[in-house]
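Participant: fold the following.
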Amino acid sequence: MISASKLYNRELVIEPAERKCSHFDRRLDMGNAIVRNERKRQTVHYVLSFLFCDWPFYSGLLLIVSWAMNKEKTKKENRIRKMTPVFVLAGLVLIWQVVCMTGLVPGYMLPSPVDVVKAFISDFPLLMYHSGATLIEAGLGLLIGVAFGFLSAALMDTFPYVKDGLYPILVITQTIPAVAIAPLLILWFSYGIAPKVVLVVLVTYFPMAVGLLEGFQSVDKDMITLMRSMKASNWQIFWHVKFPNALGEFFAALKIAVSYSVVGAVIAEWLGGLKGLGVYMTRVRKAYSYDKMFAVVLLVSVISLALMLIVKVLQSVCMPWNKGDD
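Facilitator: Below is the predicted model:
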């Protein structure tokens, strides 16, 4: 049995320990609070550091990576789009070759691509000889047609009554086939180079005149008003406003005209002459050498594409601001 004095003494002994523990707990709580505050401070520091220091860096890096991936994806898509015509053409040639190999169409009616290439290689010097004459006729006719088309478009744009009288005639002339005009040209100008050049002029004149006229008349009216307020003459307005505005239509019409010029020269040569791709086609047709006829068609296509490529290069030189739209 514990006496009251001992219990009192025990309480006296225990009481300082309890006090010491409560004091330690308070210091521990204060330490934990300081740690928690330090963690909060570090957290706030990390957040602020990310928002104001690291975030712009990582976000910028992310944007750069995203831009590079999108650019690479765009380049890949552009390469695929550029190669699509090649794949389609290769597929058509393959189908053509298979049709000829299986005998679905007789060889004398439709030669195979391999036979056409062989004929092209075997008669290459002769084809070059005749293509020189055709290019001369097409070049002369194209130059004259472009000059007349430019002059007609300028007159129709400057004088409304000239447009009222000339434009309907231009439209009517396009309803007459070139094959129907060619015999008359041979009758009027003999079998020399003159009827071929005239026919090329006729087939290239219309697209140049109409294209340039639309370009001249599509200019912003406010630009003309501004130029007139600055006391500009009609020639200055034409040279500094209308002509630059019509460059896009000019080169678009020129691409059509250069392809028409070669075809028009070949059509004119069908009806008579001493040399030219049309004359060569007539001779091989009478000999039933259809592989050589297809070789001429292939050469005409290559020449037309090459001329259109030259026009495209000229357009990029004359209109450097329009390179992104190609």
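
Participant: from now on I want contacts and neighbour counts done on CA atoms only, so please keep to that.
Facilitator: Noted.

Participant: got the domain boundaries for the protein?
Facilitator: As given by automatic domain parsing, the domain ranges for the chain are 1-73, 113-325.

Participant: do a quick rundown of the helices in this protein.
Facilitator: 4-49, 55-102, 113-122, 124-158, 160-173, 178-189, 194-217, 221-229, 234-237, 243-245, 247-270, 277-286, 290-318 (DSSP state H).

Participant: does anything pack onto the fifth one? Which helices or strands?
Facilitator: Looking back up the chat, that one is helix 160-173. Contacts defined by 3 or more CA pairs under 8 Å, 6 or more residues apart in numbering; DSSP states H and E place helix 160-173 against helix 124-158.

Participant: quick check: angle from the helix it packs on to helix 194-217?
Facilitator: For helix 124-158 against helix 194-217, the angle by axes from the mean of the first three to the mean of the last three CA atoms, to 10 degrees is 40 degrees.

Participant: average model confidence for helix 124-158?
Facilitator: Mean pLDDT, computed over helix 124-158, is 90.

Participant: what's the answer for stretch 269-289, then?
Facilitator: Mean pLDDT, stretch 269-289: 83.

Participant: same deal with stretch 309-326?
Facilitator: What stretch 309-326 shows for mean pLDDT is 78.

Participant: just how off-centre is that stretch within its chain?
Facilitator: The chain centroid and the centroid of stretch 309-326 are separated by 10 Å under CA atoms, centre = their mean, to the nearest Å.

Participant: do the same with stretch 248-262
Facilitator: With CA atoms, centre = their mean, you get 16 Å for stretch 248-262.

Participant: before we move on, back to that, can I get the helices of the chain in a markdown table with mean neighbour count?
Facilitator: A markdown table is the format used below for the helices of the chain (neighbours: other CA atoms under 10 Å):
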| stretch | mean neighbour count |
| --- | --- |
| helix 4-49 | 12 |
| helix 55-102 | 12 |
| helix 113-122 | 17 |
| helix 124-158 | 20 |
| helix 160-173 | 13 |
| helix 178-189 | 15 |
| helix 194-217 | 24 |
| helix 221-229 | 13 |
| helix 234-237 | 13 |
| helix 243-245 | 17 |
| helix 247-270 | 23 |
| helix 277-286 | 19 |
| helix 290-318 | 18 |
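
Participant: what's the least confident stretch among those?
Facilitator: helix 4-49 (a mean of 50).

Participant: mind checking the end-to-end distance for stretch 93-109?
Facilitator: End-to-end distance of stretch 93-109 (CA to CA, to the nearest Å): 16 Å.

Participant: swap in stretch 234-252?
Facilitator: Using CA to CA, the two ends of stretch 234-252 sit 25 Å apart.

Participant: who's in contact with it?
Facilitator: 208, 211-212, 214-219, 223-224, 227, 311-312, 315, 319 (CA atoms under 8 Å, 6 or more residues apart in numbering).

Participant: swap the cut-off to 10 Å and go again
Facilitator: Outside stretch 234-252, the residues within contact range by CA atoms under 10 Å, 6 or more residues apart in numbering are 146, 150, 154, 157-158, 207-220, 223-228, 231-233, 253-255, 257, 308, 311-312, 314-315, 318-319, 322.

Participant: how about stretch 146-164?
Facilitator: Here stretch 146-164 makes contact (CA under 10 Å, 6+ apart) with 141-145, 165-167, 169, 201, 204-217, 234, 238, 242-243, 250, 253-254, 257-258.

Participant: make it 8 Å
Facilitator: 166, 204-210, 212-213, 216-217, 254.

Participant: with those in mind, which one is nearest to V263?
Facilitator: T204 (10.5 Å; CA to CA).

Participant: verify the contact between the closest one and L142 for me.
Facilitator: Yes. With contact defined as CA atoms under 8 Å, T204 counts as touching L142 (6.4 Å).

Participant: thinking again about what came up before, just send the contacts of stretch 146-164 back as JSON lines, with distance to V105 too.
Facilitator: As requested, the contacts of stretch 146-164 are arranged in JSON lines below (distance: CA to CA, whole Å):
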{"residue": "L166", "distance to V105": "49"}
{"residue": "T204", "distance to V105": "37"}
{"residue": "Y205", "distance to V105": "40"}
{"residue": "F206", "distance to V105": "39"}
{"residue": "P207", "distance to V105": "38"}
{"residue": "M208", "distance to V105": "41"}
{"residue": "A209", "distance to V105": "44"}
{"residue": "V210", "distance to V105": "43"}
{"residue": "L212", "distance to V105": "46"}
{"residue": "L213", "distance to V105": "48"}
{"residue": "F216", "distance to V105": "51"}
{"residue": "Q217", "distance to V105": "52"}
{"residue": "L254", "distance to V105": "38"}
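
Participant: reformat the domains of the chain into TSV and put distance to I80 next to each item.
Facilitator: Output for the domains of the chain, formatted as TSV (distance: least, CA to CA, whole Å):
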stretch	distance to I80
domain 1-73	11
domain 113-325	18
